[in-house]
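Participant: okay, sequence plus prediction incoming.
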Amino acid sequence: MSVAISFQEIVKKYGDTTVIPELSLDIQKGEFFTLLGPSGCGKTTLLRMVAGFNSIEGGALAFNEKVMNDVPPGKRNIGMVFQNYAIFPHLNVSENVAFGLQNRKVSKLDQQRRVSDILNTVKIDIYKDRMPKNLSGGQQQRVALARAIVINPDVLLMDEPLSNLDAQLRVDMRNAIKSIQREVGITTVYVTHDQEEAMAVSDRIAVMKLGVIQQVGTPRDIYQRPANLFVATFIGRTNVIDAKLEIGAEGAASVVVGRDYSLPMQALQGQAKPGESVAVRISVRPEEFVLSEDGKGLAGKVVNNVFLGLNTHLVVQLDNGQEVEIIQQSAANDVINIGQTVRLAILSETINVYDESGERNLNRGTGL
Ligand SMILES: Nc1ncnc2c1ncn2[C@@H]1O[C@H](COP(=O)(O)OP(=O)(O)OP(=O)(O)O)[C@@H](O)[C@H]1O
């Protein structure tokens, strides 16, 4: 694979305020790449730098190794889709899609052929003569997508394209966007604050906080091995619990949680000296707890119990007062009642152990 978009120590400032300090990132050709993070973290700012709508105060932005910092938006060969579909109300579907081609000196016949191909791809060919006001939100967003890709852009940029759609349509449309992107094979940069949406569509995700990338990885990497506690808590749900990393005389590592629940952690050998005990924080996803059958585990009391069909969600209050969330497959007969005391075992192969600050995942880079 070759790099399609490269950010090299890129800086964005508004006046004296630095919003993006020296960010470096490579996006591969054909990749579906998502910028994900809470409101105000700089996703849109970065996307607008790619589009050429924002100036760049430092570093370099390159497309296929060509520096683009001073290339105007109209000369970047980019397709864009925004939250508010921005299609022309006075043009019908075909005319909207053809619009971008009219300025590109494409013959009438070629225009018709390309418009008809794209309408097929995004599955709105049956509405080709309709006016936008007679289309649903999802259909309008398909028109916007068709218009963005009909010009054969090098890069497709999408900024929260599904935010205006209702929940079910958002799920349908994200699947549609992903399969259209795969079919067309276009390098795509997608902005969202919705982590589930990001997981569903992306090849890779960059999680951002305050203009700084916290982690870049596949959805699976980011969920299973979050680089720090910010990522662990932003992606999916998790329980953060104080613990101790203890290294035995022979160097074997274990994580001790609560009073005396000890989990052997092979991956953490070498993180401290033999005989040492270091304060750490562990991240345990709700599905990484199991109700212990052998009496080993963290003691607690069930304080809430919600049956959701396949799964049951429990809230358990541990001995130290902390409440943790657990997801269990609903057993056929076994009902766990509120008030019941339980022991919670932790699947030690999967949990992540962080230093006390939460900035460093001690499991990463250990071959796991
Ligand atoms: N024109 C501007 N002038 C000054 N500050 C700005 C400007 N545009 C954005 N900012 C600031 O830059 C930071 C990043 O904003 P940006 O819109 O990129 O965030 P975002 O992650 O896209 O958020 P959201 O999801 O809410 O759109 C914010 O602190 C914002 O207040």
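Facilitator: On my side now, so go ahead.

Participant: which residues sit against the helix ranked longest in the chain?
Facilitator: When the chain is parsed with DSSP state H, its longest helix is helix 167-184. Here helix 167-184 makes contact (Cβ atoms under 8 Å, 6 or more residues apart in numbering) with 32, 121-123, 136-138, 141-142, 145, 149, 156, 158, 161-162, 165, 188, 197, 200-201. All C-beta spots, glycine's among them, are computed from the backbone N, C-alpha and C.

Participant: quick one: strands adjacent to the helix or strand just after it?
Facilitator: Using DSSP states H and E, the helix or strand that follows helix 167-184 in sequence is strand 187-192. When pairing is defined by DSSP bridges, strand 187-192 lines up against strand 32-36 (parallel), strand 155-159 (parallel).

Participant: check which element follows the first one along the chain.
Facilitator: The element immediately downstream of strand 32-36 (helix or strand, assigned by DSSP H and E) is helix 43-51.

Participant: and whichever helix or strand comes after that following helix, how far out from the chain's middle?
Facilitator: For helix 43-51, the following helix or strand on the C-terminal side (DSSP H and E) is strand 58-63. Strand 58-63 has its C-alpha centroid displaced from the chain centroid by 24 Å (Cα atoms, centre = their mean, to the nearest Å).

Participant: ok, which residues in the protein are in contact with the ligand?
Facilitator: Tyr14, Val19, Gly37, Ser39, Gly40, Cys41, Gly42, Lys43, Thr44, Thr45, His193 (Cβ under 6 Å from any ligand atom).

Participant: packing partners of the helix or strand where the second one lies?
Facilitator: For Val19, the element it lies in under DSSP H and E is strand 17-28. Under the contact definition 3 or more Cβ pairs under 8 Å, 6 or more residues apart in numbering; DSSP states H and E, strand 17-28 sits against strand 3-14, helix 43-51, strand 58-63, strand 187-192, strand 212-217.

Participant: need the contact partners of that strand.
Facilitator: Residues contacting strand 17-28 (Cβ under 8 Å, 6+ apart): 1-13, 33, 42, 45-46, 49, 58-59, 187, 189, 206, 211-213, 216.

Participant: how is the protein partitioned into domains?
Facilitator: 3-233, 234-355 (automatic domain parsing).

Participant: and the shortest one, how far out from the chain's middle?
Facilitator: Which is domain 234-355. 25 Å.

Participant: tell me the mean pLDDT for that domain?
Facilitator: Across domain 234-355, the average pLDDT comes to 89.

Participant: straight-line length of it, end to end?
Facilitator: 18 Å (Cα to Cα, to the nearest Å).

Participant: picking that back up, neighbouring strands for the strand holding Val19, and are they parallel or not?
Facilitator: strand 3-14 (antiparallel).

Participant: returning to that earlier point: got the buried residues for the strand holding Val19?
Facilitator: For strand 17-28, burial by neighbour count (16 or more other Cβ atoms under 10 Å) applies to Val19, Ile20, Pro21, Leu23, Leu25, Asp26, Ile27.

Participant: need the max-distance pair from those residues.
Facilitator: Maximum pairwise distance in the buried residues of strand 17-28, criterion Cβ to Cβ, is 21.0 Å, between Val19 and Asp26.

Participant: need the helices and strands packed on strand 17-28 in TSV with mean neighbour count and mean pLDDT, can you?
Facilitator: Shown next, in TSV, are the helices and strands packed on strand 17-28 (neighbours: other Cβ atoms under 10 Å; pLDDT from 0 to 100):
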stretch	mean neighbour count	mean pLDDT
strand 3-14	18	96
helix 43-51	21	96
strand 58-63	18	97
strand 187-192	25	97
strand 212-217	19	96
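
Participant: got the end-to-end distance for stretch 11-18?
Facilitator: In terms of Cα to Cα, the two terminal residues of stretch 11-18 are separated by 7 Å.

Participant: for Gly42, which non-adjacent residue is closest in space?
Facilitator: Gly211 (4.2 Å; Cβ to Cβ, 6 or more residues apart in numbering).

Participant: how about that neighbour, what does it touch?
Facilitator: Lys12, Thr18, Val19, Ile20, Pro21, Leu23, Cys41, Gly42, Thr45.

Participant: so what pLDDT did the second one get?
Facilitator: You'll see Thr18 listed with a pLDDT of 96.

Participant: who's it bridged to?
Facilitator: Lys13.

Participant: of the contacts of helix 167-184, buried ones?
Facilitator: Buried, going by 16+ other Cβ under 10 Å: 32, 121-122, 138, 141-142, 145, 149, 156, 158, 161-162, 165, 188, 197, 200-201, out of the contacts of helix 167-184.

Participant: restricted to helices, list those.
Facilitator: Using DSSP H, these in helices are Thr121, Gly138, Gln141, Arg142, Leu145, Ile149, Glu197, Ala200, Val201.

Participant: and the furthest pair within these?
Facilitator: Thr121 and Glu197 (21.2 Å).

Participant: list the contacts of the residue of the stretch 51-200 of the chain found nearest the ligand.
Facilitator: Distances between the stretch 51-200 of the chain and the ligand by Cβ to the nearest ligand atom are smallest at His193, namely 4.8 Å. With contact taken as Cβ under 8 Å, 6+ apart, His193 is in contact with Leu36, Gly37, Pro38, Ser39, Lys43, Glu160.
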